[in-house]
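> Show me the folded form of this:
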Amino acid sequence: MNAHWNKKTSCMMLASLLAVMGGGLAQAESQINLRLAYAQNPQPVKDALAHFGELVEEKSDGSITVTFFPDSQLGGEGELVELLQRGAIDMTKVSGGLMESFSPLYQVFSMPYLFDDESHFREVMNHDEIMDVVYQSTSDQGFVGIGWYDSGQRNFYTKEQPIVSPSDLAGKRIRVMQSQTSIDTMQLLGASPVVMSQEEVYTSLQQGILDGAENNEFALTAARHGEVVSYYSLDGHARIPDIVLINNNTFNSLSDSQRSALMSAMEESIALQNNLWAEAVDEARRQIQEDFDVTINEVDIAPFREAVMPMYEELEQYPEQYIIYEKIDALRD
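Numbers count the residues shown, from 1 in each chain. Now for the predicted structure:
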């Protein structure tokens, strides 16, 4: 009798234990840990991503956590997108320039003088009708965009004279990235584009191999190019955003409430990054003038935009991209 009772009791206890374990497993299945990897980035980006991790955990009541793999631990941006496609990571943040390799719609953001100013840029980037189409354009490749970060604007910096009009660039040897858009832009403005690595720019400016280069403020401060140039001309010929990406399967595995928490956290993270970036740019411009004794000058971009219009005429041959451009153009003040 006791043996029968003990056996029956043991079975009941085992069943109860399995039920508890099953409940625990069911609960665990609703949990998700997002593996978010990114390459080398300035502090405003790192701070914003860290804030995103805190927010998404808070807003999801702890059902979503984030594990970070920062500073190229898992590779450069190209490698990170490959890992994202394979599902080896869940999220990453890359340059919009890199995204041109995955969707032609991102090529629009590399067009010169696309935005009038920072206000126009932010209005476009926060415009759902424009950005949802762009974000979803990579869905057939296993990932989509869910947000953007400011990565600044590229301006000219030169040794001998400020750039005020396109004629000031005539014949000037200007370093550019390995980008056909950048090369075409410089040629239309009358400059002689010189493709070289960022690491070679300082010495090339110092030795007179280059007359100038183009980049954001941090090239003059962090990379100390301000030591070998005299002028920084705010023409803003390129303003290419960074894009935050998520794996399709990861996104689809989230419940409706988790997706809502994710997107809300992303939205607040974007706002923080934008503010931190603006503060960092202000500080960099102060350093450029006070610490490096470089003159900063404003630029009327109208004649510059006119000079590169052949690139926009060529864009008309690609209807999907041109539609995006027209929507961006319609938001000008």
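
> Count the residues that sit near the residue nearest to G152 when sequence neighbours are not counted.
On the basis of C-beta to C-beta, 6 or more residues apart in numbering, the spatially nearest residue to G152 that is not a chain neighbour turns out to be N216, at 3.6 Å. Where you see a C-beta, it was placed from the backbone N, CA and C, and this is true even at glycine. N216 has 21 neighbours, counted by other C-beta atoms under 10 Å.

> quick one: N216 and N155 touch, right?
Yes. In this structure N216 lies within contact range of N155 using C-beta atoms under 8 Å: 7.2 Å.

> Listing request: residues of the protein with sub-threshold pLDDT.
Judged by pLDDT under 70, the chain has its weakly predicted residues at 1-29.

> can you pull out the strands in it?
Here the chain has its strands, by DSSP state E, at 32-38, 64-69, 91-95, 143-149, 154-158, 173-176, 192-195, 212-215, 231-238, 242-247, 295-298.

> who does the first one touch, helix- and strand-wise?
Under the contact criterion of 3 or more C-beta pairs under 8 Å, 6 or more residues apart in numbering; DSSP states H and E, the helices and strands touching strand 32-38 comprise helix 43-59, strand 64-69, helix 77-86, strand 91-95, helix 248-253.

> what angle sits between the second one and helix 77-86?
Spelled out, it's strand 64-69. Counting by axes from the mean of the first three to the mean of the last three C-alpha atoms, to 10 degrees, strand 64-69 lies at 140 degrees to helix 77-86.

> what about the spatially closest residue to Q321 that is not a sequence neighbour, distance to D291?
Distances taken as C-beta to C-beta, 6+ apart place V108 nearest to Q321, at 5.3 Å, with adjacent residues excluded. Per C-beta to C-beta, to the nearest Å, V108 is found 36 Å from D291.

> Give the closest residue to the spatially most central residue of the chain in space, chain neighbours not counted.
Centroid-nearest residue in the chain: D242, 0.8 Å away (criterion: C-alpha atoms, centre = their mean). Closest residue in space to D242, ignoring its immediate chain neighbours: Y149 at 4.2 Å, by C-beta to C-beta, 6+ apart.

> Thank you, goodbye.
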